[in-house]
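Student: Build me a structure from this.
(one chain, ligands or ions: 1)
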Amino acid sequence: LNDHDDSFTEDLGAYVLDALEPSEREAFEAHLRMCAQCQTEVAELLPVVDALPLAVTQAEPSSELKTRLMSAIADDGSGRPSLVPMPGGAPARDRRPLLSRGEALLGLVAAVIIAALGIWNHQLQNQIDSQKQNIAYQQNVNRAILSGASVNQLSATSSGSTAQASVVQPKDGSSPYLLVGNLPAVSGNKVFELWYIRGTSPSPVKVFRYSGNAPAIVPVSQAAESNNIGAITIEPGPNGSKAPTTKPILAGKFKI
Ligand SMILES: [Zn+2]
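Tutor: Numbers count the residues shown, from 1 in each chain. Just a heads-up that it's a prediction; the model follows:
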């Protein structure tokens, strides 16, 4: 393999968008066959271009540039560059490039931005959904407390810990909510697990993730019963454990 020559770098974007003049394309492909760096970059750019039709349906870009870019991409498959070096040389191309090299590069930049926007929109929507959900949980908890729910505080088991947790059990026996805050930071493969302990036998109730220190509400499906002990341990994720494998970080007796 040859050393990379920077003069080919600017052809990369135009190449994946099929926008090189035939002579430029031939020269670039000759270089591409010899250059690992350009092969890698083409391999990275091609999926971005291929993903465009998906990405743009999520965002709403309507620039002339996008139209031209999309028409360049949708134009045909025959002229699409292939990563596999062609033994017989580059296929003959007799049509004019659809975009100038400068336009193609701009188009590629736009393509990446459009794809990013789509992902961003999607993430924003998820955030809004989870905020809405939190507000709904909070309303449920408020309503439950107003109608006489018992709030069962779990106490941190190590001195100096500021971890907080309470199990809010609605009076009607419906599903409780676990309120947590300031839980210790754990590595990404660990989860928190809530247990109900009757006598000495713990049953797994809820596996959840928590980070930061803001209060969070975790819905729980199993009603808390008086005199059971609630406890939270740190367990291997993502599924937690069938029985506690670590000492509880919080524990408390339910008085319902
Ligand atoms: Zn190169």
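Student: C-alpha from now on. contacts and neighbour counts both.
Tutor: Will do.
Student: which residues of the chain score low on pLDDT?
Tutor: 1-2, 17-19, 47-123 (pLDDT under 70).
Student: what does it have sitting close to the ion?
Tutor: 4, 35, 38 (CA under 5 Å from the ion).
Student: Can you tell me which of those residues is closest to Leu250?
Tutor: Nearest to Leu250 among those is Cys38, at 55.3 Å by CA to CA.
Student: I'd assumed Phe28 was in contact with that closest one.
Tutor: No - Cys38 lies out of contact with Phe28 (CA atoms under 8 Å); the separation is 9.4 Å.
Student: which parts of stretch 36-48 are buried?
Tutor: Using 16 or more other CA atoms under 10 Å as the test for burial, stretch 36-48 gives 37-39, 42, 45-46, 48.
Student: By proximity to the ion, which residue of the stretch 151-256 of the chain wins?
Tutor: Closest residue of the stretch 151-256 of the chain to the ion, CA to the ion: Gly188 (38.4 Å).
Student: Look up how far Ile249 lies from that residue.
Tutor: Distance of Gly188 to Ile249, computed by CA to CA, to the nearest Å: 18 Å.
Student: still on that earlier bit, if we take the buried residues of stretch 36-48, which one ends up nearest to the ion?
Tutor: Cys38 (4.0 Å).
Student: Enumerate every residue touching the closest one.
Tutor: When contacts are counted by CA atoms under 8 Å, 6 or more residues apart in numbering, Cys38 touches 4, 9, 12, 32.
Student: Repeat the analysis, applying 6 Å as the threshold.
Tutor: Each residue near Cys38 by CA atoms under 6 Å, 6 or more residues apart in numbering is listed here: Leu32.
Student: which stretch of helix or strand covers it?
Tutor: Using DSSP states H and E, Cys38 falls within helix 36-56.
Student: Then Gly230?
Tutor: Using DSSP H and E, Gly230 falls in strand 229-236.
Student: name the helices or strands packed onto that strand?
Tutor: strand 190-198, strand 250-253 (3 or more CA pairs under 6 Å, 6 or more residues apart in numbering; DSSP states H and E).
Student: need the next SSE after the longest one, C-terminal direction.
Tutor: Per DSSP H and E, strand 190-198 leads on to strand 201-208 as the next helix or strand towards the C-terminus.
Student: That following strand versus strand 229-236: what angle between them?
Tutor: Using axes from the mean of the first three to the mean of the last three CA atoms, to 10 degrees, the inter-axis angle of strand 201-208 relative to strand 229-236 is 60 degrees.
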